[in-house]
Structures are given as C-alpha cells and as structure tokens.
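Enquirer: just to be clear, the model below is a prediction. Sequence and coordinates:
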Amino acid sequence: MKKKNITALKFKDKDEGSSVLSKHVGNEKILFIIVFVIFTIHSLSLIFPAAYMFMNSFKDATEYFDSAIAFPQAFDYKNYTEVFSSFRVGNDTFFTMLFNSVWYVALTALSGVLMPMTVGYCLARYNFPGKNLLYSIVLFSLTIPLVGSGAAGLKLLGALGIYDSPLNKVVNLMSGFTGSFLVFYGFFKSVSPAYSEAAKVDGAGPYTIYFKIILPQAVPIITTYLITNSIAAWNDYESVLLYFPSWNTISSGLFSYKENNARGDFPLYYAGLVVATIPALTVFAVFSKRIMTSLSVGGIKG
Amino acid sequence: MMKSETTAFNGNIKRRMKKYNLKASDCVFLVSMLILPIIYFAVFWVYVHIDSTMLAFKTPTGEYSTLTLELAWKTIVESGSTMQIAMRNTAIFFALNILNIPFGVLVAYFFYRRLKGFRVFQIIFYLPQIISTVVITQTFADVISVDGPLGLLCEYVGINLPKQGLLGNADTAIWTVVFYYIWVSWGGNMLLLGGAMARLPVEVLESARIDGVNTFQEIVNMVFPLLWSSISTFLVLAMTGLLTASGPILALTAGAHETTTISYWIYEKLRGNAVSQSNYNEVAAVGLILTVIYVPIILLCRWAIEKIPVVEY
C-alpha cells in the first residue's frame, strides 16, 4: 500500500487519491482554491492571444480597424487563400518561406542532437587521455558568459563564405559542445554498462554497441530534443534575420512584413501567423505527453 | 635506429591504451566520433574568442590600438548613455530570471500536489514556448494599445494611458516589457522543475505531513532543500546568462524608449552590418570589458551557491 502511495505521486499510478499529499484539507483547501483561480486567470490570458489572432484572421482591413476585439462578422477564408497565393516578403512567396523554414528547422533540430549526443556518450562511457581536460573546457565554455564574440563569429562566417548561406547550418551540424551535451552526458552515465559489456562479450565492436545497443535506449530523450528544438527553430526569427537575412523563413518573413508594413494588411498578417502556428501546435498536440514526461525524466540532470 | 624509435613509440602507445583499457577499435571509434566536434569547437569557439579579443584591440581600419577599448569604456561609464540603460535593463531581466526559479518551484509544487486541472494548466503554461513570439507580442501590443481593450477599459474608469501607448513612452516602456516577460515566462521552468519534483522521496514528505507539517513548512523546509541540486543548477545557468538576459525587445520595441539590453544592443549593432563590419570592433571591445567585469562576480556567486550542501536521497 505504501509503495502504491509513493508511485501515485510519480504520475504513474491510477490510485493517486490515496496519498496524504494529494488530499487538501482545512486552510490548505482554501489555498488550493485561490491558486486554482490564479492559474485559471493566467491560463485564459495565455489562450487569449491565440483566439485574438484566429478571430482577426477572418476580418477585412476595415473591420479590423473598426474593432480588433469584436468577433468577425463572417468567417471569410479570403485571407487564408491570399496567404498562399499573394503574400510576399520581398521576392519571397509563402511557399519559398515554407521551404526555407523546413530546411532551417531540420538542420537546427539535428545540430542540437547529433554531435552533442555522440560527445556525451564518448565522455560518459570512455576513459581516454585528455578526457578530463576536454570535459573541463566544455563546462567552462557552457557556464562562463563571454559576450561580444558575435562580431568575430560573423566575421569568420564571412571569411569562410558561409554567411547568409544554408551551408552555415550544415557546418553547424558538427557542433557537439552545446547545452544538450550535458543532458546526454548525464543520460549515458546513468545507462547500465551491463548491456554494452554483454554485447562486447558477444563480439560487438564500439560502433555496434553505440548504434545498436546504446542509442535505441536514448530514443525518448532524442525524440524530445528533436521536437522541442524543431518548435523553437520554427518560431525563431532573430537568428534568421542575423545569420540568414536573404533566406526568409515563415517566422522571420512575418516579422519582416510587420516591421516594413507598420500599417499593412493586419488580417492578412494574422492569417499568416495562424498558418505559421499550426505546425508547431500540431507537433505539440501529438507529442505533448512525450515532451512533458521526457523532460521530466531527463530534466537538467547533467 | 629508425626501427627502434618506431618500436619504442608503438610500445608507449600500447602502454597508454592498456592503462585506459582501450582497444585499437575503441581508439578508432573515439577519434572518428570526436574529431569533428573538436575541430568545430577549435574554430568556432576558441578561434572566434581569440579573434574577438584581437578585434577589441584594433581600430575599424585594422590598426592595433587601445582607442576602441577606451571609447567602449567611455560608453559604459558615461552617465545616462545607451549602454548604461542597457546594463540597467539587463540587470532587471537577470533578476527576473533568478526570481523565476523559486516561482517555478511553487508552480511545480502545486502540480505535484495534484491541483485540480493541473494537466491542462501544464499544457497551457507551456503555450508561450509553442506559439511564436511574433504572434504573442503582436497580440500583447494590440491589447495594451490606446485603442485596444486596455485603453478602452482605462478610458472607461477614467485613467489616461500615455498618448504614444505604454510601449511608446520611456517612463512605461521597460516596465511594460517586464510585465510581458513575467506573463509569458511564468511557467517556463515548471516542466524541468516538475521533473525534479517527481523524484522527491514521497515517503519523507508523507511522514512529515502525518507529523503535522503545514504547506508553508513543507515548501520552505522540505521541498526547497530537497530540490536544491536542481535549483542550484538553474541558478548557475541563470548566472551564465547574466549578460545575455533579455526580453523580447526586438519584437516589442526594437530597443526604443530606453528598453534596450546588452544582448539587444549587440544584436542591433551586428544585424545588417555583416558586409561593412563597421561596428565589429566596438561590439568586441564592449563585450571584452563587460566580460572582465562580470566573470569574477559570477565565479564568486557560483562558489557561494556550491557552498550550500546538496541533500542526497
């Protein structure tokens, strides 16, 4: 029974009402009601932007300027068809921006996982000369704030001829000493060595052990990182404007549209924002459970 | 002679491999897996930081001089300068990042204690990470504008908003951005802290409950100490982000009306200047000075954080 109570609060057991911690009595009941009300108000305030954007995407410019908070008089899809047919930022059509978003998201998401995972595994599971030095350098680079190097970074990208080029993102795939390295390092440290030892006895080499024994165990955390990195990259506009100014993604394009058309067609802009939000929301809706639980398990244990 | 040298070298390598329990196949694996990230790190971190330091000691025409550093120092210490405003605002956002941590613990605590509807709250609080900042800032700006719902409400109760709007006025702009930042980052750490909370030893909390511990005592005397290892990691990460702490300045105000931060100031100087590279030396010089000032402070704070013992369970 005691065991049941313990797991109940670890979000695993259906019998979660049996723990004293999940019971709220006396003054605590009042506290929980107050907190519930505050959280509800905050939740409504967070849902409001999505509803506001959605409502205004169906209006025409006049109706929007008359009242931005009123419901649309009719649910006219004109703005949505226009987003796909005539919405332009500079010379880029919506489909050009969509294409740019796809490669930008794919490469950004991969670069946050591919090498950090490999470096994490090597440092967590192998003992080799210079390992401690390498680990210390990585930790130093991750935890000591050095500012102002952006200028030298851009200068280098220019010198290498990969500034404002997708090649920059391809080169970025080599990057292994990023924040996610710490999470992968912690994860591989926690994986029992029994699996790899058994495989070794059976004659498996280091590549087989890594790709066939270890990586499959890391699939949940890899998937979570890929999903969260993808969502962040899809919504990123600041880095795109700085490093890829000629390659408008949907997010940077919409931002530039607003920046250059302060009095532009806002309902059309909102329709564009709704379209831009749909992929991120869909991915989140499909994988929300995995994001919540995997992040909970992986966390910041580094 | 050559043969004996080669034999000695091979023997040395073999001894070292034995010491580290490495086979030849392990060495090939390690080299093939680590070579690319190490090259990348050497070029894009080590070289870039060395070059950044060199840039700080050069004039825009490429001559070595301390002039750029002297001018940067002047910009930093000059009273009322943009850099001073940026430093003040960065400090505000840094403080918010720090305050967000205990606040995140509280939010995670109520979810852990099965607040009604906590699963729905969990998803909604995560929405600002899903919906683009462009969307949320645009809506926020519309809502608080003079013609928007807030403006109409204020007019109704007899309060006058500044004519230029809350974001268009130096007295109110930064605090409006701060409000926005608190609003969207409320549940930011909630997920990761929730994960740490799920690993708490429930039997310890339960027995304390049975002994009559109330909610306040439970949070202050049990949850915070038990979570200290996670909280301290967050604190260290927040310290690391001290100089880069910033709200969504570009989308809300583009740094106007005294809302700029250090990281936005740097961003603004770099954006669109990749061809002319006109501001690169100034950015590198300011960055170098601020790094020299702040790194010892951060190291001291980290040392103090690490002095607090972590509860093992």
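Expert: That came in fine, so what should we check first? Residues are numbered from 1 along each chain as shown, chains lettered A, B, ... in the order given.

Enquirer: for the residue in chain A positioned nearest to chain B, give me phi and psi.
Expert: Here chain A gets closest to chain B at one residue, residue A:148, 1.3 Å apart by C-beta to the nearest C-beta. Where you see a C-beta, it was placed from the backbone N, CA and C, and this is true even at glycine. Dihedral pair for residue A:148: phi 90, psi 0, per degrees, to the nearest 10.

Enquirer: my understanding was that it contacts residue B:286; is that so?
Expert: Yes - assessed by C-beta atoms under 8 Å, residue A:148 is found in contact with residue B:286 at 6.0 Å.

Enquirer: so the nearest residue to residue A:149 once chain neighbours are set aside is in which element?
Expert: Leaving aside its chain neighbours, residue A:149 sits nearest to residue B:52 (4.2 Å; criterion: C-beta to C-beta, 6 or more residues apart in numbering or on different chains). Per DSSP states H and E, residue B:52 falls inside helix B:48-56.

Enquirer: which residues are contacting that helix?
Expert: For helix B:48-56, contacts defined as C-beta atoms under 8 Å, 6 or more residues apart in numbering or on different chains pick out A:146, A:148-149, A:151-153, A:155-156, B:68-69, B:72, B:280-281, B:284-285, B:287-288.

Enquirer: assign the residue nearest the centre of chain A to helix, strand or coil.
Expert: By C-alpha atoms, centre = their mean, chain A has its centre lying nearest to residue A:228, at 2.6 Å. Three-state call for residue A:228 (DSSP: H, G, I helix; E, B strand; the rest coil): helix.

Enquirer: same deal with residue A:129?
Expert: Per three-state DSSP, residue A:129 ends up coil.

Enquirer: distance of it relative to residue B:32?
Expert: For residue A:129, the distance to residue B:32 (C-beta to C-beta, to the nearest Å) stands at 17 Å.

Enquirer: may I have the phi/psi pair for residue B:131?
Expert: phi -80, psi 140.

Enquirer: check contacts around the closest residue to it other than its chain neighbours.
Expert: Leaving aside its sequence neighbours, residue B:131 sits nearest to residue A:277 (C-beta to C-beta, 6+ apart; 5.6 Å). The neighbours of residue A:277, taking C-beta under 8 Å, 6+ apart as the test, are A:50, A:53, B:130, B:131, B:132, B:135.

Enquirer: which of these count as buried?
Expert: Taking 16 or more other C-beta atoms under 10 Å in any protein chain shown as the criterion, what is buried in the contacts of residue A:277 is A:50, A:53, B:130, B:131, B:132, B:135.

Enquirer: biggest separation within the residues you listed, which pair?
Expert: The most widely separated members of these are A:53 and B:130, with 13.1 Å between them, by C-beta to C-beta.

Enquirer: near residue B:182, how many other residues are there?
Expert: When neighbours are defined as other C-beta atoms under 10 Å in any protein chain shown, residue B:182 has 14 of them.

Enquirer: show me what contacts the residue nearest to residue B:82 when sequence neighbours are not counted?
Expert: Distance criterion C-beta to C-beta, 6+ apart; nearest residue to residue B:82, sequence neighbours excluded, is residue B:260 at 6.3 Å. Taking C-beta under 8 Å, 6+ apart as the criterion, residue B:260 is in contact with B:82, B:85, B:86, B:89, B:249, B:268.

Enquirer: what's the helix or strand for the closest residue to the fifth one other than its chain neighbours?
Expert: Spelled out, it's residue B:249. Closest residue to residue B:249 apart from its sequence neighbours, by C-beta to C-beta, 6+ apart: residue B:264 at 4.2 Å. Using DSSP H and E, residue B:264 sits in helix B:262-270.

Enquirer: in helices, which of the contacts of helix B:48-56 fall?
Expert: In helices, defined here by DSSP state H, the members of the contacts of helix B:48-56 are A:151-153, A:155-156, B:68-69, B:72, B:280-281, B:284-285, B:287-288.

Enquirer: name the member of those with the shortest distance to residue B:176.
Expert: Distances from residue B:176 to those, taken by C-beta to C-beta, are shortest for residue B:287, at 28.0 Å.

Enquirer: what's around residue 255, how many residues?
Expert: As the question left the chain open, I've gone with chain A. Residue A:255, neighbours per other C-beta under 10 Å, totals 24.

Enquirer: right idea, wrong chain: chain B
Expert: The burial count for residue B:255: 19, using other C-beta under 10 Å.

Enquirer: Provide a list of residues in contact with it.
Expert: Residue B:255 makes contact with B:249, B:264, B:265, B:268, according to C-beta under 8 Å, 6+ apart.

Enquirer: let me know the secondary structure of it.
Expert: Residue B:255 ends up coil, using three-state DSSP.

Enquirer: for residue A:112, phi and psi?
Expert: phi -80, psi -10.

Enquirer: tell me the contacts of it?
Expert: A:178, A:180, A:225, A:226, A:229.

Enquirer: farthest pair in these?
Expert: Pairwise over the contacts of residue A:112, using C-beta to C-beta, the maximum falls at A:178 and A:226, 14.0 Å.

Enquirer: ok, and the closest non-adjacent residue to the residue nearest to the centre of chain A?
Expert: Here the residue nearest residue A:228, using C-beta to C-beta, 6+ apart, is residue A:291, at 6.4 Å.

Enquirer: the one you found: neighbour count?
Expert: 22.

Enquirer: quick one: it from residue B:130, how far?
Expert: To residue B:130, residue A:291 is 10 Å away according to C-beta to C-beta.

Enquirer: cool, residue A:87 as well?
Expert: For residue A:87 relative to residue B:130 (C-beta to C-beta), the value is 22 Å.

Enquirer: before we move on, what about residue B:223?
Expert: 28 Å.

Enquirer: and the helices in the stretch 51-200 of chain B?
Expert: B:67-77, B:82-112, B:118-130, B:133-144, B:149-157, B:173-185, B:190-198 (DSSP state H, counting those that start in this stretch).

Enquirer: mean pLDDT added to those, as TSV?
Expert: Putting those into TSV (pLDDT from 0 to 100) gives the following:
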stretch	mean pLDDT
helix B:67-77	93
helix B:82-112	91
helix B:118-130	86
helix B:133-144	86
helix B:149-157	88
helix B:173-185	92
helix B:190-198	76
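
Enquirer: mind putting those into CSV with distance to residue B:298?
Expert: Shown next, in CSV, are the helices of the stretch 51-200 of chain B (distance: least, C-beta to C-beta, whole Å):
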stretch, distance to residue B:298
helix B:67-77, 17
helix B:82-112, 11
helix B:118-130, 26
helix B:133-144, 27
helix B:149-157, 38
helix B:173-185, 21
helix B:190-198, 21
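
Enquirer: which helix in chain A has the most residues?
Expert: As assigned by DSSP H, the longest helix anywhere in chain A is helix A:266-298.

Enquirer: what residues are shared contacts of residue A:148 and residue B:286?
Expert: Counting by C-beta under 8 Å, 6+ apart, the residues touching both residue A:148 and residue B:286 are residue B:266.
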